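**Student:** I'd like to go over a predicted model; first the sequence, then the structure.
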Amino acid sequence: MTPRKKRFVLIGLGLGALAVAAFLVLNAFQSNLVFFYTPTQAANGDVPQGRSFRIGGMVEAGSLTREGDGLTVHFVVTDMAKRVPVTFKGILPDLFKEGKGVVAQGQLAANGAFLASEVLAKHDENYMPPEAADALAKAKTAGAQSSGTLVVNPR
Amino acid sequence: MIPEVGHYALILALCVAVVQGTLPIYGAAVGNSSLMAVAKPAARGQFLLVLLAFCCLGYAFADKDFSVLYVAATSNSQLPLHYRLAAIWGAHEGSLLLWMFILSIWMVAVSFFSTHLPEAMRARILGVMGLVSVGFLLFMLTVSNPFERLIPAALDGRDLNPLLQDPGMVIHPPMLYMGYVGFSVAFSFAIAALLGGTLDAAWARWSRPWTTVAWCFMTVGVAMGSGWAYYELGWGGWWFWDPVENASFMPWLAGTALMHSLAVTDKRGGFKAWSVLLAIMAFSLSLLGTFLVRSGVLTSVHAFATDPKRGLFILIFLAVVIGGSLVLYAWRAPRVGLGGSFALISREGMLLANNVLLVAALGSVLLGTLYPLFLDALDLGKISVGPPYFDTVFLPLMTPAIFLMGIGPLAQWKQASLPALAIRLRWAFGVSLATAVAVPWLMGQWTPLISLGLLLAFWILATILVDLRERLLQAESGSVGGRLATLPRAYWGMVVAHAGVALFIVGVTMVKGFEVEQDVRMNVGETATLGGYTFRFDGTEQVNGPNYVAARGTFHVSQDGREVTVMYPEKRRYFVQNQTMTEAAISPGLLRDLYVSLGEPLEGGAWSVRLYHKPFIDWIWGGCLVMASGGILAVSDRRYRLAWRRKEAAVPATAQMARPTVS
């Protein structure tokens, strides 16, 4: 093999590896991106069906109930404009509290309830997940502009 | 008073760093040896000043000086002394001081262990490190000063995040930073070589041990972070592909590629430009990691800074360092030359493939980590890229890399024959294939992924054995032990590190394939069975800690009617931040971990409880430690020690170094 030919082979192999990697990345991206939606979007049905997504907002105070098995919990996530009931089976994270921010990942059931496969509430107790804070802020501005409904400030 | 001394020491250190970053580099360019000689004392002086600042901050913590803003924000009078000291790096400002302190440690190390280097080279290396420290000192002094006063002083501090009140936290950041910052040495070697135009095998030989040591720290640091997540977060997972974890994993991947590419540069003179690029990449990713983790862009326990000025400063610093070094690279690298030629099937070829795969994996992690940030910054929606993405991309990229890892060490340099390799390795392949199929089948659960994982692990071990056997047969006659002892330590280092990878793969495969987890509600006296172990819950009692109160559960664990162990998981409430923390109980073992964590209290003394049976999970971290010890073994090789003693031999080379020579 001449050096010139060999360089071509090397470059070809490199490009091939790159193409395979790019294919894998795009393919995996396609199926594994998780989008974030606000409770308003979820309540209006502007969310993907049959696909996992994230929802975030405040856990409505007094909405947490527990089934007899001690593991299945129900609570309501709100952005102070719309409310979305959430069902989760498992152990809630330490920082999950009523009246605090939360992000849940899962799918929307036919009856409009959100079936969470994962509940995320990390960080310190004053911390608000940015997604949740964003959802609250959006709902607040939308509410102020369109209907003039009184929106309760979470703080 | 003491904090002002620390602040003042940092200002002086900045002045010294400016001198160190300019005069020696200029001196090397014009061949003025008295200017070059400034580098060494400047590096040592800077170390002493930063050490003084570090001690001042430590004193402020030990003394509970809540008139210092940083101390008031991250500690509390009830916090035990060892956590107060660990709180030095418990948040943003202090961890930058730690970064700086470790950089100065590396500088002093370079100033001591570089007597064999030509003077111009040493001056340039220390000069580049000085410039890096100018950036960090400026950052601290302008926007994140750890010595800032709080007037009037707080009555008490806001306490360290309870998640960080843990022995792992005391040691994990310094380890990781030793790795991060250690790559600055490899980076400085590369930039110095570009400045001087002397990129040759000697350059690779000099920077190899530094790179390897930094990589060892990095390996241990990343492993400790993963271990911390395992036992402290109470979720039983060991790797979440969290952006913060990725931030530490990317420089590790680049560093691994760099180590292997430097081996080629050292032995065969090839891959020179590529090694330089990898050195720049590894350090840039370390800086990017610091930026991602410390800027508040990412949300996690690690993200402290929310001040946009800080983010901007790091971003500019990042742009200057990465942009500047890439421009320098583009300008100087074409003069470096290509090095020896080699066939596709050769050790160089395999190492090249390994490098390409590692960098491709690195790119995919980088994309998955940064893409959500870009979308968010452009206001195109919020997304998250979850573990499935990384799993699906990583596995197909790493599988061929690990397969090549078995062949590479047996292939000849320059040109190897594929049929001959196949004959030499047919037994290794047969044995590992048979074992990989048989073991999961015997364990009662066969899936392709378990078999693939075990195949790769056994393949590495089997090829190591084949290689050792061949080397023994080639060696001069003598006892087996004697012949083994004649093999160089660098070789043993590689063997041990590769075996570490095999152990790691076994751990990952077994955990992924056979772990069992259960969330249950348990009444007092109730039992649950998992993985052949029976857990009996005997209720909780209240326990008082120094700065928390805990409900401590008691679990009697038995197997086949015999009691194995008693486990005490806790649910703690820390007073100051009124934060609840799950403290999992783990019964570790060579072949399995048992893991119990308390969920929430339910009515009648019952609790929701999380139980895990995790086979072989400790092999994951054990494998990392074995990898790191392989690195240490390689660094202790004779050839490096000889190089350090050969001070006189290097002196005549100085004149030659002063003018740019291009090979």
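**Tutor:** Received, thanks. Numbers count the residues shown, from 1 in each chain, chains lettered A, B, ... in the order given.
**Student:** what sits against B:I191?
**Tutor:** Neighbouring residues of B:I191 by Cβ atoms under 8 Å, 6 or more residues apart in numbering or on different chains: B:124, B:128, B:280, B:325, B:328. Any C-beta I mention is one placed from the backbone N, CA and C, and that applies to glycine too.
**Student:** what about 10 Å?
**Tutor:** Counting by Cβ atoms under 10 Å, 6 or more residues apart in numbering or on different chains, B:I191 touches B:25, B:124-125, B:127-129, B:131-132, B:276, B:279-280, B:283, B:321, B:324-325, B:328-329, B:332.
**Student:** and the spatially most central residue of chain A, what is it in contact with?
**Tutor:** By Cα atoms, centre = their mean, chain A has its centre lying nearest to A:R54, at 1.6 Å. Contacts here follow Cβ under 10 Å, 6+ apart; on that basis A:R54 touches A:34-37, A:103-106, A:116, A:118, A:120, A:129, A:131-132, B:382-384, B:386.
**Student:** so what's the closest residue to B:N544 other than its chain neighbours bridging to?
**Tutor:** Among residues not flanking B:N544 along the chain, B:A550 sits closest, at 7.7 Å (Cβ to Cβ, 6 or more residues apart in numbering or on different chains). Assessed by DSSP bridges, B:A550 has beta-bridge partners B:V543, B:R572.
**Student:** might one say that B:A550 is in contact with B:R572?
**Tutor:** Yes - counting by Cβ atoms under 10 Å, B:R572 is a contact partner of B:A550 at 4.3 Å.
**Student:** mutual contacts of the two, please.
**Tutor:** B:543, B:580-581, B:583, B:598.
**Student:** between those, which sits nearest chain A?
**Tutor:** Taking Cβ to the nearest Cβ as the measure, chain A sits nearest to B:T580 out of these, at 4.4 Å.
**Student:** got the contact list for the residue nearest to B:N544?
**Tutor:** Counting by Cβ under 10 Å, 6+ apart, B:A550 has contacts B:540-544, B:568-574, B:580-581, B:583, B:598.
**Student:** if we can go back for a sec, in PyMOL, select just the buried ones from the contacts of B:I191.
**Tutor:** Buried members of the contacts of B:I191, defined by 16 or more other Cβ atoms under 10 Å in any protein chain shown, are picked up in PyMOL with:
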select buried, chain B and resi 25+124+125+127+128+129+131+132+276+279+280+283+321+325+328+329+332
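**Student:** taking the contacts of B:I191 one by one, which sit in helices?
**Tutor:** Using DSSP state H, the members of those that fall in helices are B:25, B:124-125, B:127-129, B:131-132, B:276, B:279-280, B:283, B:321, B:324-325, B:328-329, B:332.
**Student:** I'd like to know how far the residue nearest to B:N544 sits from chain A.
**Tutor:** For B:A550, the distance to chain A (Cβ to the nearest Cβ, to the nearest Å) stands at 13 Å.
**Student:** pull the number of nearby residues for residue 67.
**Tutor:** Defaulting to chain A. By the criterion of other Cβ atoms under 10 Å in any protein chain shown, A:E67 has 12 neighbours.
**Student:** nope, chain B
**Tutor:** Neighbour tally, B:S67, other Cβ under 10 Å: 14.
**Student:** also B:Y26?
**Tutor:** Count around B:Y26 with other Cβ under 10 Å applied: 15.
**Student:** equivalent analysis for B:V327, please.
**Tutor:** When neighbours are defined as other Cβ under 10 Å, B:V327 has 10 of them.
**Student:** in contact with it, which residues?
**Tutor:** Contacts of B:V327 (Cβ under 10 Å, 6+ apart): none.
**Student:** per-residue pLDDT, the residue lying closest to B:F187 once chain neighbours are set aside?
**Tutor:** For B:F187, ignoring the flanking residues on the chain, the nearest one in space by Cβ to Cβ, 6+ apart is B:F283 at 3.5 Å. Predicted confidence (pLDDT) for B:F283: 95.
**Student:** let me see the contact set for B:F283.
**Tutor:** B:132, B:180-188, B:190-191, B:214, B:251, B:254-255, B:258, B:321-322, B:325.
**Student:** try B:E526
**Tutor:** Contacts of B:E526 by Cβ under 10 Å, 6+ apart are B:520, B:535-538, B:606, B:609.
**Student:** cool, and B:I322?
**Tutor:** B:280-281, B:283-285, B:287-288.
**Student:** just the strands in the chain please.
**Tutor:** Going with chain A. A:33-37, A:53-59, A:65-66, A:72-78, A:83-89, A:101-108, A:114-120 (DSSP state E).
**Student:** oops, chain B please
**Tutor:** Under DSSP E, chain B gives strands at B:383-385, B:516-522, B:527-530, B:533-544, B:548-559, B:562-567, B:570-574, B:579-583, B:585-587, B:592-601, B:607-615.
**Student:** output the last one as PDB - backbone C-alpha positions only.
**Tutor:** What that stands for is strand B:607-615. The C-alpha trace of strand B:607-615 is given here as PDB (Å, rounded to 0.1, in the frame of the first residue of the first chain):
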ATOM      1  CA  TRP B 607     -42.400   2.700  57.000                       C
ATOM      2  CA  SER B 608     -42.000   2.500  53.200                       C
ATOM      3  CA  VAL B 609     -38.700   0.900  52.600                       C
ATOM      4  CA  ARG B 610     -36.400   0.500  49.700                       C
ATOM      5  CA  LEU B 611     -34.500  -2.800  49.500                       C
ATOM      6  CA  TYR B 612     -31.700  -3.700  47.100                       C
ATOM      7  CA  HIS B 613     -29.600  -6.700  46.400                       C
ATOM      8  CA  LYS B 614     -26.700  -5.600  44.200                       C
ATOM      9  CA  PRO B 615     -24.400  -8.400  43.100                       C
END
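**Student:** given that strand, what are its sheet partners and their directions?
**Tutor:** Sheet pairing for strand B:607-615, assigned by DSSP bridges, gives strand B:516-522 (antiparallel), strand B:592-601 (antiparallel).
**Student:** tabulate those (a markdown table), appending mean neighbour count and mean pLDDT.
**Tutor:** Converted to a markdown table, the strands paired with strand B:607-615 look like this (neighbours: other Cβ atoms under 10 Å in any protein chain shown; pLDDT from 0 to 100):
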| stretch | mean neighbour count | mean pLDDT |
| --- | --- | --- |
| strand B:516-522 | 17 | 90 |
| strand B:592-601 | 22 | 91 |
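**Student:** of the ones you listed, which approaches B:V508 most closely?
**Tutor:** strand B:592-601 (14.0 Å; Cβ to Cβ).
**Student:** got the angle for the closest one vs strand A:72-78?
**Tutor:** 60 degrees (axes from the mean of the first three to the mean of the last three Cα atoms, to 10 degrees).
**Student:** chain neighbours aside, what residue packs nearest to A:D94?
**Tutor:** Nearest non-adjacent residue to A:D94 (Cβ to Cβ, 6+ apart): B:T580, at 4.4 Å.
**Student:** wait, the one you found sits on B:E600?
**Tutor:** Yes - when contacts are counted by Cβ under 10 Å, B:T580 is listed as touching B:E600 (9.4 Å).
**Student:** re earlier: out of the contacts of B:I322, which two sit at the greatest distance?
**Tutor:** It's B:I280 and B:L288 that sit farthest apart of the contacts of B:I322, by Cβ to Cβ, at 12.1 Å.
**Student:** how much space separates the closest residue in space to B:D593 that isn't next to it in sequence from B:T509?
**Tutor:** Nearest non-adjacent residue to B:D593, counting by Cβ to Cβ, 6+ apart: B:K614, 4.5 Å away. Here B:K614 is placed at a distance of 13 Å from B:T509 (Cβ to Cβ, to the nearest Å).
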